[in-house]
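[1] Provided below for reference: sequence and predicted model.
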Amino acid sequence: MTYITRSMEALVQTLSRSYKALLITGPRQVGKSTLLKQLFPERRYITLDDPFLEEQAKNDAAMFFTLNPPPLTIDEVQRAPILFRHIKMACDESADKGLFLLTGSQHFLLMKDVSESLAGRIGIIELSGLSLREIQSDPFSQRFIPTMDYILARQKTVRAPANIWDIIHRGSYPELQKPETDWATFYGNYVKTYIERDIRELTAVQNLDAFRRFVIAAAARTGQVLNYSNLAEEAGVDMTTAKRWLSLLESSGIIYLLEPYAASALKRAIKAPKLYFRDTGLACYLTRWLSSDALAYGAMSGPMFETFAISEILKSFANAGLDYRNFVSYYRGRDKKKISVDGELLEMDAEIDLIIEENGVLHPVEIKKNANVSPADTSAFLVLDKIAGKTRGMGAVLCSCPQPGALRENVLQIPLWYI
């Protein structure tokens, strides 16, 4: 398959010249090692997925580095945590940059070892699955923010996909961009090989059937406010186990938990996070939506559309070298909004699918799968005006409309593919 240019290539090269070590985290099969091989083809490359090399690294790390001196690329470095101490010593003994390029798909272990051993010596970035921009070979690199400046810049290169549901259903893993790759076979192997094996090795999961039920139940709840009790009950496990398993899925890049916006002015806000799968193809596979047409007209079309939008926005921040966790949140609560239905004024709970905050400005975003959206869809945005010290900036409805436009004062309607 032809190599697909990644949006963060320039960032990787810059950080490799700025730090003695660079760690790229992200789920299995998103292209971490492929990216490093493409950018640094002259470097020695070792993967600890090789049982012989993993055993050698664990049993005699000093000999391992004698045989494999820097500059060195180590794939799946979390399999031998003892290496971090030796990497630290090598970094302290040399003034050179880019000594070690590391990848890891289980950063819930990596972060502890990195923070203890390599603080100040290492750059850390996260690689996700392919973004729509990358799939379309679009060079646009700005993070998404719903402003006119962004829209004017974005429209210079944007292309509407032939069928957005094909892309949502197919998923974002590079291997799936090969037309000959069978979708169901790929995801079946992915679940068995990477999700079940990796997490089972790390946490000694005894009841694999319960874990499978848990992952499927989580996929069925993508785009929903998280209810631990409900999730645990469906999987047949206790709530402590459910929380532990969900934390592992989040830390291994399978899901993302979008935290609620915290402000004292929003006293009646729901405090639970929203759950999103990071790859819509995987969520479709687990919930048995076996074709893009069935998905587009099925009961999960709205949540999958929203899940795809959230994932694309997070990628736009990560590919720009920013930690999206510092910028995004959501709001749902009992601060009432008023809407007109058949001439009758009704009060409903307010909800904002996404809030992007920059420089004290809050940008509210609603996500709707339909092409036709209404100004009423944004009535909850006014809730943000209650927050002292913050300004409500331009908001938007992300939808299937053919072109961006003004929906109401200070609110845009934006096609999903403009992310």
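    Looks like it came in fine. Residues are numbered from 1 along each chain as shown.
[2] just the CA coordinates for the helix or strand containing Phe84, please, in PDB.
    Here Phe84 sits within helix 83-93, counting by DSSP states H and E. Provided in PDB are the C-alpha atoms of helix 83-93 (Å, rounded to 0.1, in the frame of the first residue of the first chain):
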ATOM      1  CA  LEU A  83      14.600  -0.200  29.700                       C
ATOM      2  CA  PHE A  84      13.500   3.300  30.800                       C
ATOM      3  CA  ARG A  85      16.200   3.400  33.500                       C
ATOM      4  CA  HIS A  86      18.900   2.600  30.900                       C
ATOM      5  CA  ILE A  87      17.500   5.100  28.400                       C
ATOM      6  CA  LYS A  88      17.700   7.800  31.200                       C
ATOM      7  CA  MET A  89      21.400   7.000  31.800                       C
ATOM      8  CA  ALA A  90      22.200   7.100  28.100                       C
ATOM      9  CA  CYS A  91      20.400  10.400  27.700                       C
ATOM     10  CA  ASP A  92      22.300  11.900  30.700                       C
ATOM     11  CA  GLU A  93      25.600  10.700  29.200                       C
END
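[3] residues of that helix that come out buried?
    Residues Leu83, Phe84, His86, Ile87, Lys88, Ala90, Cys91 are the ones in helix 83-93 that count as buried (16 or more other Cβ atoms under 10 Å). (Glycine included, C-beta is placed from N, CA and C.)
[4] repeat that for stretch 248-257.
    Buried, per 16+ other Cβ under 10 Å, within stretch 248-257: Leu248, Leu249, Glu250, Ser251, Ser252, Gly253, Ile254, Ile255, Tyr256.
[5] circling back to that earlier point, who are the packing partners of the helix holding Phe84?
    helix 61-67, strand 100-104, helix 107-117 (3 or more Cβ pairs under 8 Å, 6 or more residues apart in numbering; DSSP states H and E).
[6] who's in contact with it?
    20-21, 57, 61-62, 64-65, 70, 74, 77, 99-100, 102, 113-114, 116-118, 121 (Cβ atoms under 8 Å, 6 or more residues apart in numbering).
[7] which of the helices and strands packed on helix 83-93 is buried the deepest?
    With neighbours defined as mean count of other Cβ atoms under 10 Å, the helices and strands packed on helix 83-93 peak in mean count at strand 100-104, which reaches a mean of 26.
[8] show me what that one is packed against.
    strand 21-25, helix 32-39, strand 72-75, helix 83-93.
[9] so what are the sheet partners of the shortest one and their directions?
    Each strand paired with strand 72-75, and its direction, by DSSP bridges: strand 44-47 (parallel), strand 100-104 (parallel).
[10] can you dump the C-alpha atoms of the first one in CSV for me?
    Output of strand 44-47 as CSV, limited to C-alpha atoms (Å, rounded to 0.1, in the frame of the first residue of the first chain):
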residue,chain,number,x,y,z
ARG,A,44,18.1,0.7,13.7
TYR,A,45,14.5,-0.5,14.4
ILE,A,46,13.6,-3.1,17.1
THR,A,47,10.2,-4.3,18.1
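[11] re the thing from before, which of the buried residues of helix 83-93 sit farthest apart?
    Pairwise distances across those (Cβ to Cβ) peak at 12.1 Å, for the pair Leu83 and Cys91.
[12] for stretch 232-245, the distance to its chain's centre please.
    Relative to the centre of its chain, stretch 232-245 is centred 23 Å away, using Cα atoms, centre = their mean, to the nearest Å.
[13] residues making contact with it?
    Ile199, Thr203, Val205, Asn207, Ala210, Phe211, Arg213, Phe214, Ala217, Tyr228, Ser229, Leu231.
[14] redo that, cut-off 10 Å
    Contacts of stretch 232-245 with the rest of the structure, by Cβ atoms under 10 Å, 6 or more residues apart in numbering, involve 199, 203, 205, 207, 209-218, 220-221, 226-231, 246.
[15] longest helix of the chain?
    helix 301-318 (DSSP state H).
[16] and the strands in the stretch 251-400 of the chain?
    Using DSSP state E, counting those that start in this stretch, the strands of the stretch 251-400 of the chain run over residues 255-258, 274-277, 328-341, 344-358, 361-367, 391-392, 395-399.
[17] out of the contacts of stretch 232-245, list just those in strands.
    Using DSSP state E, the subset of these located in strands is empty.
[18] now a ChimeraX select for only the buried ones of those.
    Buried members of the contacts of stretch 232-245, defined by 16+ other Cβ under 10 Å, are picked up in ChimeraX with:
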select :199,205,210,211,212,214,215,216,217,218,220,221,226,231,246
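[19] show me the contacts of stretch 232-245 that map onto helices.
    199, 203, 209-218, 228-231, 246.
[20] hang on, the earlier thing: in CSV, list the helices and strands packed on helix 83-93 along with distance to Phe144.
    Converted to CSV, those look like this (distance: least, Cβ to Cβ, whole Å):
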stretch, distance to Phe144
helix 61-67, 42
strand 100-104, 26
helix 107-117, 24
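[21] any chance of these in CSV, plus mean pLDDT and distance to Asp293?
    Below are the helices and strands packed on helix 83-93 laid out as CSV (pLDDT from 0 to 100; distance: least, Cβ to Cβ, whole Å):
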stretch, mean pLDDT, distance to Asp293
helix 61-67, 95, 51
strand 100-104, 95, 36
helix 107-117, 67, 36
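[22] which intervals of the stretch 301-419 of the chain have sub-threshold pLDDT?
    334-349 (pLDDT under 70).
[23] the stretch 151-300 of the chain: helices as residue ranges?
    164-170, 183-190, 197-203, 208-219, 228-235, 239-251, 280-286, 292-296 (DSSP state H, counting those that start in this stretch).
[24] hang on, the earlier thing: in a markdown table: the strands of the stretch 251-400 of the chain, plus distance to Met300.
    A markdown table is the format used below for the strands of the stretch 251-400 of the chain (distance: least, Cβ to Cβ, whole Å):
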| stretch | distance to Met300 |
| --- | --- |
| strand 255-258 | 16 |
| strand 274-277 | 11 |
| strand 328-341 | 19 |
| strand 344-358 | 16 |
| strand 361-367 | 14 |
| strand 391-392 | 31 |
| strand 395-399 | 17 |
